[in-house]
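Can you look at this prediction? I've put the sequence above it.
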Amino acid sequence: MLNALPRNLARAYRGWNVKGRVARFSGWLEASKRADDDGGDYDHTETVNAYYDLCSEFMQFGWNESLHFAPLTPDETLEDSILRHQRLMIDRLQLREGMRVVDVGCGFGGPMRRVARESGASVFCINNNGQQLEKAKRLNVAAGLDHMAEYLQCSFMDMSAIEANTFDGAYAIESTCHAPDKQGAFAEIFRVMKPGALFWGQEMCLTDAFDPNDGYHRAVEKDLMLGIALREIATFTAVNDALEAVGFEIVEANDLGVQEGPSTPWYQPMAGRRGTLRSAFRRTPWGRKAMIGSLRLAEALRVFPRGSAAVVRLMDQTADAYVKGGESGIFTPLYCFLARKPG
């Protein structure tokens, strides 16, 4: 995987001033606030695209081809936990051969390939980020699963190219957390689902422990918003209210980051302490710092594109924010729900 990273980054960053793009991305929160205060123009979709353009290849290298969190147990690798979590989603959605399901914000297609392999359902892949969608296609071809997928580059806020009542199911894994209007995003998903179909979602949320009057809580919230390109971080109640406002019936909704029995905190791979089996060094604080130093040298030798170290520095700061949010108990990326469109 490391040998492929320079080539993948060269393809992703071709012709870019990467440091300049990192600097512009790092100022998005202030730009959005100025637009709110002055009535200026601000498009959060562009911010989210910039985030994934910069970070996606490093995300796959450092985490997994499935770019999402999962409930962890001490006797599993991160990869095993992600696999188990995806199988839970497949089971809850009752997916089977002959069904057609929409993946809302498909990333590199990791969950899509699991769905296709294990359920036999075909997957319609939605992504607004062209780089990610093209890589998902390449990985699907390499996996022999391209015939199980369809693709559309568009915002999930406007899927007007898709007719109403089209899909037998839907899932959105850490994608609608980026929506500038969560109710609007859920309304579009509701529209393209068939009556009676099920929708699985995984949201990044503030927990009930978050205190808006606590300065530390607010600082961690701001760091998370900035580093993950979240215009806001919803509460559990806000997610549920948005689902019900557009007509969904909530079947179940829980923070799966809180588990019964032996478990490992969801943020542990980034904290650098024991907790997951064979936790990769590259995910730890020391591994991330070592990579930043190595990339500076590799940039000077023109092995890696200039600006690569700046991207990893940004991601290192975001990882620290994840850990702070998890350790303080005020944030979870694992608020998972199953909702039904009434039949």
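Received, thanks.

To which secondary structure element is the closest residue to Gly247 other than its chain neighbours assigned?
Nearest residue to Gly247, sequence neighbours excluded (Cβ to Cβ, 6 or more residues apart in numbering): Phe190, at 5.7 Å. All C-beta atoms are positioned from the backbone trio N, CA, C, and that covers glycine. Element membership for Phe190, per DSSP states H and E: helix 182-192.

which residues touch that helix?
Helix 182-192 is contacted by residues 102, 104, 156-159, 162-167, 170, 172, 176, 179, 199, 234, 238-239, 242-243, 245-248, 341 when judged by Cβ atoms under 8 Å, 6 or more residues apart in numbering.

at 6 Å instead, please
Residues outside helix 182-192 that contact it (Cβ atoms under 6 Å, 6 or more residues apart in numbering): 104, 156-157, 159, 162, 164, 166-167, 170, 176, 179, 242-243, 245-247, 341.

The residue nearest to Gly247 and Ala245: what is the separation?
According to Cβ to Cβ, to the nearest Å, Phe190 and Ala245 sit 10 Å apart.

which of the two has more neighbours?
Phe190 (19 against 12; other Cβ atoms under 10 Å).

From Val246, how far off is the more buried one?
When Phe190 is compared with Val246 (using Cβ to Cβ), they lie 5 Å apart.

Torsion angles phi and psi at the residue lying closest to Gln202 once chain neighbours are set aside?
Spatially, and ignoring its direct neighbours in sequence, Gln202 is nearest to Ile173 (4.6 Å; Cβ to Cβ, 6+ apart). The phi and psi values for Ile173, taken as degrees, to the nearest 10, are phi -110, psi 110.

Please give me every residue in contact with Ile173.
Taking Cβ under 6 Å, 6+ apart, one finds His68, Pro111, Gln202 in contact with Ile173.

Tell me if I'm right that Pro74 and Thr264 touch.
Yes: shown here, Pro74 and Thr264 form a contact pair, counting by Cβ atoms under 6 Å, at 5.4 Å.

Can you pull out the low-pLDDT segments for the chain?
1-2, 273-279 (pLDDT under 70).

can you give me the strands in it?
Along the chain, counting by DSSP state E, strands occupy 100-104, 122-127, 149-153, 167-173, 193-206, 234-235, 249-255, 331-340.

The shortest one: how far from the chain's middle?
It refers to strand 234-235. Averaging C-alpha positions (Cα atoms, centre = their mean, to the nearest Å) puts strand 234-235 16 Å from its chain's average.

before we move on, what about the second one?
What separates the centre of strand 122-127 from the centre of its chain is 15 Å, taken as Cα atoms, centre = their mean.

And for it, what's in contact with it?
So strand 122-127 is contacted by 100-104, 106, 112, 115-116, 133, 148-152, 156 (Cβ under 6 Å, 6+ apart).

please redo it, this time with the cut-off set to 7 Å
100-106, 109, 112, 115-116, 133, 136, 148-154, 156, 159, 167 (Cβ atoms under 7 Å, 6 or more residues apart in numbering).

what's the answer for the shortest one, then?
Contact with strand 234-235 is made by Lys182, Glu203, Cys205, Leu206, as judged by Cβ under 7 Å, 6+ apart.

which non-adjacent residue is nearest the third one?
For Cys205, the nearest residue in space outside its immediate sequence neighbours is Tyr335; the separation is 4.3 Å by Cβ to Cβ, 6+ apart.

hmm, back to that, how about CSV for the strands of the chain, with distance to Ala23 added?
Listed next are those as CSV, based on distance: least, Cβ to Cβ, whole Å:
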stretch, distance to Ala23
strand 100-104, 31
strand 122-127, 25
strand 149-153, 27
strand 167-173, 30
strand 193-206, 25
strand 234-235, 28
strand 249-255, 35
strand 331-340, 26
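
that older thread, buried subset of the contacts of strand 122-127?
101-106, 109, 112, 115-116, 133, 136, 148-149, 151, 156, 159, 167 (16 or more other Cβ atoms under 10 Å).
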